[in-house]
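A.B. asks: What shape does this take:
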Amino acid sequence: GTKITNKLVYLQDKLDPFPSEIAIKIIEKDIGLKLNQIFSNFDNKAIATASVAQVYRGTLLSGEKVAIKVLRPNIEELLFKDFKFFLWCSKQIQFFYPRLKRFKLPEMVNSFANSSLNEVDLKLEASSATELNENFLNFDFFKVPKVFWQFTSKNVLTLKYIDGVRIDEIKERKTNKLSIKKLTKLASEVFFLQIFRDGFFHADLHPGNILIDKKGAIVAIDFG
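C.D. replies: Predicted coordinates:
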């Protein structure tokens, strides 16, 4: 199990961040305010970088600590080019290997493209986070960060900052108070509730999207 898990780490994104100056311009343009009109403190160094966006840490003028997710510049155009190429490839495969038509490869590419392009509208992600949060309001050990809608737009998502440990780093941090067995049971219960009770679930539960807070609660992030 551990050997397979270590191999799967190679599938996770490891990308260079785009300049913070660009991220700040995106925030100010989308929110319509200067940075110092939003934050009393804004850390220029990204705390997380992925293929579609990167995340910064800051403090609102109200004193609330937040995580600010900013889409990569021109990400929609880049994704469109990629999927256009994939669609061409799928059609060529079907032409040269007609027996593969039953797999409907172009339709699969179109479906994947549509779902991926939804990720480049952070208002949709904010809506998903809000709905998931409401579904678990009375559940003490599964949390979803609060969305600050007044500082959220298509390209910017502002959430309550979670001071937690990635679920795959629990042993490294020597957090012996946390029982792996208990967390596994809890995670299974939460996931089954999402599937069978709500029909609305987090579909990207890799380790980078699952944090454990100081109280031992599971906190899900990234709702694209």
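A.B. asks: Could you use CA atoms for every contact and neighbour count after this?
C.D. replies: OK.
A.B. asks: Next up, the contacts around residue 120.
C.D. replies: 52, 71, 75-76, 154-155 (C-alpha atoms under 8 Å, 6 or more residues apart in numbering).
A.B. asks: What about those, which are in strands?
C.D. replies: Taking DSSP state E, the ones among these that sit in strands are residue 71.
A.B. asks: are any of the contacts of residue 120 buried, and which?
C.D. replies: With burial judged by 16 or more other C-alpha atoms under 10 Å, the buried subset of the contacts of residue 120 is 52, 71, 76, 154-155.
A.B. asks: follow-up on the earlier one: just checking, which of the contacts of residue 120 belong to helices?
C.D. replies: Among those, the members falling in helices (DSSP state H) are 75-76.
A.B. asks: can you put the contacts of residue 120 in JSON lines and add distance to residue 101 and pLDDT?
C.D. replies: As requested, the contacts of residue 120 are exported to JSON lines (distance: C-alpha to C-alpha, whole Å; pLDDT from 0 to 100):
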{"residue": "52", "distance to residue 101": "31", "pLDDT": "86"}
{"residue": "71", "distance to residue 101": "36", "pLDDT": "94"}
{"residue": "75", "distance to residue 101": "31", "pLDDT": "79"}
{"residue": "76", "distance to residue 101": "29", "pLDDT": "77"}
{"residue": "154", "distance to residue 101": "37", "pLDDT": "94"}
{"residue": "155", "distance to residue 101": "38", "pLDDT": "96"}
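A.B. asks: can you list the weak-confidence ranges in this structure?
C.D. replies: 1-15, 116-118, 171-178, 224 (pLDDT under 70).
A.B. asks: Now do the helices in it.
C.D. replies: Using DSSP H, helices in the chain cover 2-8, 20-31, 75-96, 105-117, 122-135, 180-192.
A.B. asks: mind putting those helices in a markdown table, distance to residue 57 included?
C.D. replies: Converted to a markdown table, the helices of the chain look like this (distance: least, C-alpha to C-alpha, whole Å):
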| stretch | distance to residue 57 |
| --- | --- |
| helix 2-8 | 28 |
| helix 20-31 | 12 |
| helix 75-96 | 22 |
| helix 105-117 | 25 |
| helix 122-135 | 17 |
| helix 180-192 | 27 |
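A.B. asks: and among these, the most buried is which?
C.D. replies: Mean neighbour count, computed with mean count of other C-alpha atoms under 10 Å, is highest for helix 122-135 among these, reaching a mean of 18.
A.B. asks: quick one on the thing from earlier: between the helices of the chain, which gets nearest to residue 160?
C.D. replies: In terms of C-alpha to C-alpha, the element of those nearest to residue 160 is helix 122-135, at 11.5 Å.
A.B. asks: who's in contact with that closest one?
C.D. replies: Under the contact criterion C-alpha under 8 Å, 6+ apart, helix 122-135 has outside partners 118-119, 143-147, 149, 152-157, 198, 200-201, 222-224.
A.B. asks: Residues in a beta bridge with the residue nearest to residue 23 when sequence neighbours are not counted, which ones?
C.D. replies: Using C-alpha to C-alpha, 6 or more residues apart in numbering and skipping residues adjacent in sequence, the residue nearest residue 23 is residue 70, 6.4 Å away. Beta-bridge pairing for residue 70 (DSSP bridges): residue 54, residue 156.
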